[in-house]
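Visitor: no sequence on hand, only this structure:
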């Protein structure tokens, strides 16, 4: 699940990338070279010309990697099936600097999946490990993008909240073990 590398790459095609830490989406041109520094949850943290970017898993082929298949739902999926798929997608969202997903870190406070015309609306409230953490925009962008891959999701609203303040007790035992806190 966790991979920290310094693997060189040359982009095989132009690709959308999320700037770290601002969370803006830009296009990196085909032929650009850099290093993959982390591969988690199907996404890749890359370093190009002194800047860090995240390339989402559905664009892995641009790095010469196998893309993850998009999430699926069973035929005649229930709201519970959609909720489960959304939580599974949230478990693929990682801070580019921490090898633990945001669910296990205890950063997701609420996840509401509500029916709407021909699909579902998802509302997420999440937090950061510290109010000054610069990764908020990246995590929001990654979460929204991955949730929108779930069939039948029409709209996603993600927001950062700081009440209650996050602390290490919100981490799962798996997260504590992975980060050396257990």
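Guide: Done, it's in. In this text the structure is predicted, and so the values were computed from the model without any measurement.

Visitor: give me the number of residues near residue 85?
Guide: Other residues within reach of residue 85, judged by other C-beta atoms under 10 Å, total 23. In this view, the C-beta of every residue, glycine as well, is placed from N, C-alpha and C.

Visitor: pretty sure it is touching residue 70, no?
Guide: No. Contact between residue 85 and residue 70 fails when scored by C-beta atoms under 8 Å: they sit 10.4 Å apart.

Visitor: for the most centrally placed residue in the chain, what are its contacts?
Guide: For the chain, the residue nearest the mean C-alpha position is residue 93 (2.7 Å; C-alpha atoms, centre = their mean). Residues in contact with residue 93 (C-beta atoms under 8 Å, 6 or more residues apart in numbering) are 41, 101-103, 139, 142-143, 146.

Visitor: what residues sit buried inside the lowest-mean-pLDDT helix or strand in the chain?
Guide: Using mean pLDDT, DSSP states H and E, the weakest-scoring helix or strand in the chain turns out to be strand 4-10, at a mean of 82. Neighbour counts over strand 4-10 (16 or more other C-beta atoms under 10 Å) mark residue 9 as buried.

Visitor: what about the helices in this protein?
Guide: Secondary structure of the chain (DSSP state H): helices at 79-90, 136-148, 173-178.

Visitor: and among the ones you listed, the most buried is which?
Guide: Mean neighbour count (mean count of other C-beta atoms under 10 Å) peaks for helix 136-148 among these, with a mean of 21.

Visitor: relative orientation of that helix and helix 79-90 in degrees?
Guide: 140 degrees (axes from the mean of the first three to the mean of the last three C-alpha atoms, to 10 degrees).

Visitor: hmm, who's touching helix 136-148?
Guide: 18-25, 43, 54, 56, 86, 89-90, 92-96, 102, 107, 122, 124, 126, 128, 153, 156, 158-160.
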